[in-house]
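Enquirer: Everything below, folded, please.
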Amino acid sequence: MKRADKILITGASGFIGGFLVEEALKRGYEVWAGVRAHSSRQHLQDERIRFIDLDYAHEQTLDKQLEAFAQEHGGWRYVIHNAGLTKTTDKALFYEVNAENTRRFIGALARHCPPQKFLLMSSLSSYGIGDETGFTPIKLSDPQTPNTDYGKSKLLAENYLRKQTAFPYVILRPTGVYGPGEKDYFLEIKSVQQGLDLAVGKVPQRITFIYVKDLARVALSALEKEDILNREYFVADGDIHTDASFAQLIQELLQKKHVLHARVPLPVVHAACIVSERIGRLFHKSMTLNSDKYQILKQRNWICDITPLQQDLGFQAEYPLRKGLEESIRWYKQEGWL
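Expert: Numbering: from 1, shown residues only. Below you'll find the predicted structure:
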């Protein structure tokens with residue numbers, strides 16, 4: 001790779017985006033961070049980063065922006081499309097932001113500056129419920145039947161990408177992504193620190209994780225490996241946990257002696273999600289508990305088959321859950337979150 005190779009990372013101001021930028025800088029790329037004008041640049045302080053504010057919602061504006069960029073800079077070698085929406089009070093926005101913005105973006109790239117490879121950051125949620133009796137891992141060959149609006153919008157984006165022929169692509173579907181600055185798993189860490197662990201449902205959830213730095217490494221490696229074209233992968237660290245073992249590990253790392261571990265029946269959680277969502281609508285605020293989140297909490301099997309990732313990329317996680325949580329908790333304490 002020549003030092004001047006350019007890469008565009010959209011959604012760069014978000015949790016995953018910041019680590020993608022960091023990994024790309026480490027590898028010597030000229031990094032262009034796709035950041036909206038109103039987004040925070042708090043974690044994008046490196047002076048080598050160049051910024052671009054792309055208007056995904058308006059095709060004509062986007063066309064002009066990419067045409068101008070291609071004339072001045074010649075386009076990007078790689079594009080990672082990581083921008084997206086994970087929570088909203090208006091479910092139609094999932095489809096507009098996650099799917100239609102992706103459709104407009106890949107169309108404009110194809111017309112003006114097609115990259116050598118395009119990577120879409122999707123989600124395991126684009127598959128929906130797996131085997132909840134035998135708990136066999138979800139495989140790439142399984143039918144994609146998402147049961148949340150978020151998952152359906154991600155699947156739609158995947159399909160738009162599959163249909164285009166202007167450039168090769170890679171689709172990554174990470175499982176539970178955690179690390180410094182992540183806010184949802186942090187709530188569980190905070191709760192355990194306060195002495196309470198509430199798990200959902202009678203049957204323990206089988207859950208899988210990927211540390212954000214490992215995910216960033218996978219993304220850049222998948223782009224750089226020349227024979228990985230039009231491929232799709234689940235991304236997880238390879239270990240399987242339960243919601244109970246996850247909470248116990250947090251308790252151990254926090255050195256918290258007394259924690260009340262309780263399991264909340266699904267109907268109670270469902271009611272809480274409905275109430276929370278209504279409050280969110282009332283105050284125009286995205287809530288952690290909502291009807292989409294309920295489907296995720298209800299799902300018992302989040303195990304996925306990462307054999308293709310191991311075979312094609314030789315992937316081995318640098319951060320198993322214990323090591324990743326230790327680093328995350330250290331960061332949360334340093335930043336005053338804990």
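
Enquirer: so where's the chain uncertain?
Expert: 1-3 (pLDDT under 70).

Enquirer: ranges for the strands of it?
Expert: All strands of the chain, identified by DSSP state E, fall at 6-10, 30-34, 50-52, 78-81, 117-121, 169-174, 176-178, 196-200, 206-207, 209-211, 231-235, 241-242, 260-264.

Enquirer: what's the single longest helix in this protein?
Expert: Across the chain, the longest stretch assigned as helix under DSSP state H is helix 266-283.

Enquirer: Hey, what's the angle from that helix to strand 260-264? Just curious.
Expert: 90 degrees (axes from the mean of the first three to the mean of the last three C-alpha atoms, to 10 degrees).

Enquirer: got the angle for helix 266-283 vs strand 196-200?
Expert: 100 degrees.

Enquirer: Buried residues, helix 266-283. List them.
Expert: Buried residues in helix 266-283, defined by neighbour count with 16 or more other C-beta atoms under 10 Å: 269-270, 273, 276-277, 280. C-beta: built from backbone N, CA, C; applies to glycine.

Enquirer: How far off centre is it?
Expert: 24 Å (C-alpha atoms, centre = their mean, to the nearest Å).

Enquirer: And it, what does it pack against?
Expert: helix 291-298 (3 or more C-beta pairs under 8 Å, 6 or more residues apart in numbering; DSSP states H and E).

Enquirer: Residues touching the helix it packs on, excluding its own?
Expert: By C-beta atoms under 8 Å, 6 or more residues apart in numbering, the residues outside helix 291-298 that reach it are 91, 125, 147-150, 200-201, 205, 266, 269-270, 273-274, 277.

Enquirer: now do stretch 38-53
Expert: 8, 12-13, 18, 21, 25, 30-37, 65, 69, 181.

Enquirer: redo that, cut-off 10 Å
Expert: Outside stretch 38-53, the residues within contact range by C-beta atoms under 10 Å, 6 or more residues apart in numbering are 6, 8-15, 17-19, 21-22, 24-25, 28-37, 65-66, 69, 73, 76, 83, 180-181.

Enquirer: Between its first and last residues, how far does that stretch reach?
Expert: One end of stretch 38-53 to the other measures 10 Å (C-alpha to C-alpha, to the nearest Å).

Enquirer: how far is that stretch from where the chain is centred?
Expert: Mean C-alpha position of stretch 38-53 versus that of the full chain (C-alpha atoms, centre = their mean) differs by 19 Å.

Enquirer: Same question for stretch 84-103.
Expert: 14 Å.

Enquirer: now do stretch 115-125
Expert: Distance, centroid of stretch 115-125 to centroid of chain: 10 Å (C-alpha atoms, centre = their mean).

Enquirer: before we move on, what about stretch 274-287?
Expert: Per C-alpha atoms, centre = their mean, the centroid offset for stretch 274-287 relative to its chain is 23 Å.

Enquirer: Could you report the separation of the closest residue in space to Lys202 that isn't next to it in sequence from Leu309?
Expert: Excluding the flanking residues, the one nearest Lys202 by C-beta to C-beta, 6 or more residues apart in numbering is Arg263, at 6.4 Å. To Leu309, Arg263 is 33 Å away according to C-beta to C-beta, to the nearest Å.
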